[in-house]
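S.K.: Here's my sequence, what's the structure:
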Amino acid sequence: MRHAATHDFLTGLANRSMVSPEFDRMSKTGEVAVVCLDLDGFKAINDLHGHAAGDALLKEVAARLKAACRAGD
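M.R.: From the prediction side, this is the model:
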């Protein structure tokens, strides 16, 4: 239940309830970076290929983000 409350059900990435306390803690020590990204054309994927394709794309992006991060990131 704790994992479900702190992670996105589709991607498995940490959600705001998990990230926010860590962000607050790390921002006090200066050990934080914020990265924002936009998936250009994502709406078109859903519109043209359906929400299952969009979900698959989000899962793949999440997997690549996880693979690019270090354990402490």
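
S.K.: C-alpha from now on. contacts and neighbour counts both.
M.R.: Will do.

S.K.: Do you have the helices of this structure handy? List them.
M.R.: 2-6, 16-29, 42-49, 51-68 (DSSP state H).

S.K.: mind checking which of the ones you listed is nearest residue 35?
M.R.: helix 51-68 (11.1 Å; CA to CA).

S.K.: What are the buried residues along the closest one?
M.R.: Residues of helix 51-68 classed as buried: 54, 57, 58, 59, 62 (neighbour count, 16 or more other CA atoms under 10 Å).

S.K.: and it, average pLDDT?
M.R.: What helix 51-68 shows for mean pLDDT is 95.

S.K.: With just CA atoms, put that helix into CSV.
M.R.: The C-alpha trace of helix 51-68 is given here as CSV (Å, rounded to 0.1, in the frame of the first residue of the first chain):
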residue,chain,number,x,y,z
HIS,A,51,-4.2,5.4,-25.1
ALA,A,52,-2.6,2.0,-24.8
ALA,A,53,0.2,3.3,-27.1
GLY,A,54,0.5,6.5,-25.1
ASP,A,55,0.7,4.4,-21.9
ALA,A,56,3.4,2.2,-23.5
LEU,A,57,5.4,5.4,-24.5
LEU,A,58,5.2,6.8,-20.9
LYS,A,59,6.4,3.4,-19.5
GLU,A,60,9.3,3.5,-21.9
VAL,A,61,10.2,7.1,-21.1
ALA,A,62,10.1,6.2,-17.4
ALA,A,63,12.3,3.1,-17.9
ARG,A,64,14.9,5.3,-19.7
LEU,A,65,14.8,7.9,-17.0
LYS,A,66,15.3,5.2,-14.3
ALA,A,67,18.2,3.7,-16.3
ALA,A,68,19.9,7.1,-16.6
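
S.K.: so which of the helices of the chain comes closest to residue 36?
M.R.: With CA to CA as the measure, helix 51-68 is the member of the helices of the chain nearest residue 36 (11.9 Å).
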